[in-house]
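curious how this folds, go ahead:
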Amino acid sequence: MRRWLYGVAVLVLSAGASPAQEGAVSPWYRLYDGITAYIVNPQGKEFTLECHIKDSNFLEVGPREVLVKVYDPQGKAVVREVIPDDGIPGGDTEVAAGGWDHVAWLLAYSYQRGATPLVRWRHFHEPTRLAALPQRSFRYRVHGPPGIYRLLLVGCPDHFVSFRLTPGLAYGVAGHPYFLALEPRHQRRHFLYVPRGATGVNIVLSDLDWPSPGTFTLRTAQGDVLFRGTIQGLMTTASVAFADPQKMQETILEWECAEREAVYLVDVKWTFPPQKSIRYRGTYAVAAVWCPDAATARQIHNGAIYHGGEVFWQPWQVRLYDWLQKLPESERSYPPEALKPRDFLPVNGPYYASPPCDLLLHSYLQKPERRLLFAAIEDLAKGLRSIGPNDLPNVTLGYFANMAYEFGNYAWLNWRPAWLLLQRSEAPEEVKKLVHEAMLTCGDRLAFCRTWERVNGNAFAQIVAALAYSSRATGDPLQQELFRTYLQRFATGGWGPRVGIGPSGFCQEGFGYDHHYGSYILATWPAVLRDLQEPQMQQIYDRIRRGYSYTMNEESAANPWSSRTQYPPHRPIEREGEFAWKGLPGPDFTTSVNGGNEWFAARRSRYYILTYHGRLTPKWAGNAFLGQIGYGGGALCQFHIPGYGTVLDSRLAGDYGRGMHPSQWRQFHLHTLAGQMADGRPLVAADSEHLNARLQGQTVQSSGEVRDAPVQVFRQYEYQPDAVQCSVRLSATEFRPLLDLWIPHPQRSQIAEAYEIIPYLPLQAAKKGQKPKPTQVTAEDAQGKALGPVPTDRSLLARKVRIDRGGFGVIIELDRDRPVRLGPNHTLWIVLAEQPTEPDKIALTYRLVPFVPE
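Numbering: from 1, shown residues only. Sure, this is the predicted structure:
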């Protein structure tokens, strides 16, 4: 992005003001993701602001801009600038991570296994290291009325910022939406003002190095201790309810850090009871402002504006409130049917209820009654009232809030109503100016919600939709460029590895693909596509829809890769047109789905097959949930007979890894080579990413390292006219020569037992008026002699296995006589090894031959 500068501030070139007038340079703040400095200027002095920015270029991939805004006491943005990236390629770690929690999980995963990270988190904060990073400085001259000015600096955790005010003015600082990074070497004691209405406080402490020294105390002015604690396991949380909330109002609390020199992260939020006049989701909460002394804290009021017996956080909220107070009740009443407009498309589909203002404005467009317009304005004001002093909603869910949900077009659904209102020439001009100002505030800040927000693709996509509405609502060139940049990075991996739209065109979730959550965008984007007709958004939407035409199934979730849930897509199968399900009868094809080389599909007259070879949720993420979330490794997801039904399918046992830890492999309903290593570790070959997967003619080949097992797996599928030939083999890990460099380990890759597991649907196709019968699994020898049902309690030597769902099914033709048996959870086990075996001795080829009634 190019550099943008708006407002009445004047950019001052290199030479600064007189040193005698300069204030001290602030400490360096690492951005998680932003800070607001509340500057006390009781005389309304003109001052110079000098901002310093350093970029470690460590975590983030690609350019990351910094937002700089200065608001005067009346809420006017006297500085509004986006500072471009420093141009140095980032992403030294190439870690698929979003917010602080993902980095913390990754580090905890290392510490739990006795490994120390190559780079300590505190390392970047060391003065000598920080001094070595290139610094860019930007100066602005600011003038305006007396009062509290707000300096907003928003970037990402790679950014370090500091500032100097000339002449020196007192200030306090808040971190948002999450942490503030504090340096005890700079200041050990801070003072926090309790705003009116607060009834408690949430506290989160974090240090991403372990173990962590120091004791932290929050006490009242009278010395009563509200909290005392240390940082344990990278994070400590506490929730404190005030014993006498009324007594605590507008008092000053003292925070102290003892026995610690290194930087730490702290998130303190004042919590409030439910606010009936404000629309939001979660717990109403606002970030604390950290001040150097009690006097400064009292002057700043934690950013609160007290007016008319109410607490506000933005001057435009006060003016909108005053305008509504003059409006008679009769001007804003409406009949119940006004909440049921015709042909209404909710902007978040079925996932969150549309606010009254959106419904009322659509009813107003169909029947323009003045009272509907004014009622919509009143309700919109309730939603806009949730915005706090840091230009974000004052909310938390538990201890944190993902702003993709709480500020994007997911739960903060004021974006479209504002866009609709600003188009109406008959709407009061005073109101439109205030809503326009609100959209500039909100849209600018939302465009810099891009770390924690990006892990949940179903909500991340709703930031794109919100920015589309905001940029159209304001018509502001900077917001239009922010939207285009956000959309482009969302679509092309520009926000980092494994977030946004993946190479196969699906919306990623949890650094992989979730079959269920990934489908939400197909229910939420139709509204914005119809309203705004954005071509690039339509292309993204169509590509996702096309992808689902390959991955869906009529009878099973058939989604072993799913990175969050076990559920199927939240939408019906399409049966006609370009996006019809490929499992329906149709012309032959063989393809890499959407050209991504992750899913491969083939259809012939008697079969439709889908396999998955692509990205999986990182192991450190599964470590923080219930088990491995999703499997792949070239797994067969579904083998379906068009016009009849599905025979083979891979499914997960539960959500977020429930029942899917590799140690539970015996219970899996999953196509995989599985077993146990000689040292007792589980072997699940589907726990591998085959990033080299390619389609050559009618054959797919892929391979990858099995995670947490020192072997590689190779898979191949050859799509023949009447069958699919499948091959699988193992070898020792690619890293074995390195690991055996000094002391060779002869049993390193040795396998104690191994089976090719083939899952099948447990019941035959249901016939009208009858209960479905169990699927029949029988064996034959090489001469075609029937050997009877495949047993569960022993192995049977067979050349063929017939899986019959009631006249249709699949015959599995083995490369030679092999022991087979039925495993738990409706699976066929082909025995490959049951005594210690080297991996290169384990290989299997078999054909899947479909059959239908004669």
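
what about the one helix or strand Leu226 maps to, distance to the chain center?
In this structure, Leu226 sits in strand 225-229 according to DSSP states H and E. Here strand 225-229 is found 33 Å from its chain centre; the criterion is CA atoms, centre = their mean, to the nearest Å.

show me what it is packed against.
strand 200-206, strand 215-219, strand 235-241 (3 or more CB pairs under 8 Å, 6 or more residues apart in numbering; DSSP states H and E). Heads up, the C-betas are built off the backbone N, CA and C, glycines and all.

what's the neighbour count on Arg530?
Arg530: 10 surrounding residues under other CB atoms under 10 Å.

can I assume it sits in a strand?
No: Arg530: not assigned to a strand; according to DSSP: H, G, I helix; E, B strand; the rest coil it is helix.

what about the closest residue to it other than its chain neighbours, distance to Pro526?
Using CB to CB, 6 or more residues apart in numbering and skipping the chain neighbours, the partner closest in space to Arg530 is Leu345 (6.1 Å). Between Leu345 and Pro526 the computed distance is 6 Å (CB to CB, to the nearest Å).

swap in Ile757?
40 Å.

again, but for Arg799
Arg799 sits 52 Å away from Pro526, taking CB to CB as the criterion.

check Pro146 too.
With CB to CB as the criterion, Pro146 and Pro526 are 50 Å apart.

got it, and Met235?
40 Å.

hmm, back to that, more neighbours: which of Arg799 and Pro526?
Using other CB under 10 Å, the more surrounded residue of Arg799 and Pro526 is Arg799, with 20 against 15.

how many neighbouring residues does Thr591 have?
For Thr591, the neighbour count with other CB under 10 Å is 14.

tell me which of the helices and strands packed on strand 225-229 sits most buried.
Highest mean neighbour count of the helices and strands packed on strand 225-229: strand 200-206, a mean of 22 (counted as mean count of other CB atoms under 10 Å).

partners of it in the sheet?
When pairing is defined by DSSP bridges, strand 200-206 lines up against strand 235-241 (antiparallel), strand 264-271 (antiparallel).

nearest approach to Ser727 belongs to which of these?
Ser727 lies closest, by CB to CB, to one member of those: strand 235-241, at 46.6 Å.

for the following helix or strand past the closest one, buried residues please.
Where DSSP H and E defines the elements, the next helix or strand beyond strand 235-241 is helix 245-248. Neighbour counts over helix 245-248 (16 or more other CB atoms under 10 Å) mark Met248 as buried.

mind checking how far helix 245-248 is from the chain centre?
Taking the mean C-alpha point of helix 245-248 and that of its whole chain, the gap between them comes to 38 Å (CA atoms, centre = their mean).

redo the helices and strands packed on strand 225-229 as a markdown table? Include distance to Lys367 and mean pLDDT.
Shown next, in a markdown table, are those (distance: least, CB to CB, whole Å; pLDDT from 0 to 100):
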| stretch | distance to Lys367 | mean pLDDT |
| --- | --- | --- |
| strand 200-206 | 45 | 99 |
| strand 215-219 | 55 | 99 |
| strand 235-241 | 48 | 98 |
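
out of the strands paired with strand 200-206, the one nearest Gly697 is which?
Judged by CB to CB, the one of the strands paired with strand 200-206 that comes nearest to Gly697 is strand 235-241, at 52.2 Å.

quick one: distance of the closest one to the chain centre.
From the chain centre to the centre of strand 235-241 is a distance of 24 Å (CA atoms, centre = their mean).

now the angle between strand 215-219 and that strand, please.
With axes from the mean of the first three to the mean of the last three CA atoms, to 10 degrees defining the directions, strand 235-241 sits at 10 degrees from strand 215-219.

now the helices for the stretch 101-250 of the chain?
Taking DSSP state H, counting those that start in this stretch as the criterion, the stretch 101-250 of the chain carries its helices at 127-132, 245-248.

and the stretch 601-750 of the chain, by the same measure?
Using DSSP H, counting those that start in this stretch, helices in the stretch 601-750 of the chain cover 619-623, 736-739.

including mean neighbour count, could these go into CSV?
Formatted as CSV, these follow (neighbours: other CB atoms under 10 Å):
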stretch, mean neighbour count
helix 619-623, 21
helix 736-739, 13
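
next, the buried residues of the lengthiest strand in the chain.
Using DSSP state E, we find that the single longest strand of the chain is strand 809-823. Residues 809-814, 818, 820-823 are the ones in strand 809-823 that count as buried (16+ other CB under 10 Å).

could the residues you listed go into JSON lines alongside distance to Asn202?
Below are the buried residues of strand 809-823 laid out as JSON lines (distance: CB to CB, whole Å):
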{"residue": "Gly809", "distance to Asn202": "57"}
{"residue": "Val810", "distance to Asn202": "56"}
{"residue": "Ile811", "distance to Asn202": "61"}
{"residue": "Ile812", "distance to Asn202": "57"}
{"residue": "Glu813", "distance to Asn202": "62"}
{"residue": "Leu814", "distance to Asn202": "60"}
{"residue": "Arg818", "distance to Asn202": "59"}
{"residue": "Val820", "distance to Asn202": "57"}
{"residue": "Arg821", "distance to Asn202": "55"}
{"residue": "Leu822", "distance to Asn202": "52"}
{"residue": "Gly823", "distance to Asn202": "48"}
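
just the closest of those to Pro850, please.
Set against Pro850, the nearest of those by CB to CB is Val810 (5.4 Å).

so what's that closest one bridging to?
In this entry, Val810 is beta-bridged to Ile803, Pro850, by DSSP bridges.

residues contacting it?
639, 641, 647-648, 802-803, 848-851 (CB atoms under 8 Å, 6 or more residues apart in numbering).

can you list contacts of stretch 758-767?
Stretch 758-767 is contacted from outside by 555-556, 636, 644-651, 668-671, 772-777, 803-806, 808, 812, 825-828, 830, using CB under 8 Å, 6+ apart.

apologies, that question was intended for stretch 636-643.
So stretch 636-643 is in contact with 551, 553, 556, 558-561, 583-586, 599, 603, 605-612, 646-650, 671, 724, 726, 758, 808-810, 848, 850, 852, going by CB under 8 Å, 6+ apart.

among those residues, which are located in strands?
Using DSSP E, the members of the contacts of stretch 636-643 that fall within strands are 599, 603, 607-612, 646-649, 724, 726, 758, 809-810, 848, 850.

show me the contacts for the nearest residue to Pro560 once chain neighbours are set aside.
Distances taken as CB to CB, 6+ apart place Ser650 nearest to Pro560, at 3.9 Å, with adjacent residues excluded. For Ser650, the contact set (CB under 8 Å, 6+ apart) comprises 558-560, 631, 635-638, 669-671, 759.

how about CSV for these, with distance to Gly309 and neighbour count added?
CSV is the format used below for the contacts of Ser650 (distance: CB to CB, whole Å; neighbours: other CB atoms under 10 Å):
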residue, distance to Gly309, neighbour count
Ala558, 59, 27
Asn559, 54, 29
Pro560, 58, 30
Tyr631, 58, 25
Ala635, 62, 24
Leu636, 66, 25
Cys637, 60, 29
Gln638, 62, 29
His669, 61, 22
Leu670, 61, 27
His671, 65, 31
Pro759, 64, 25
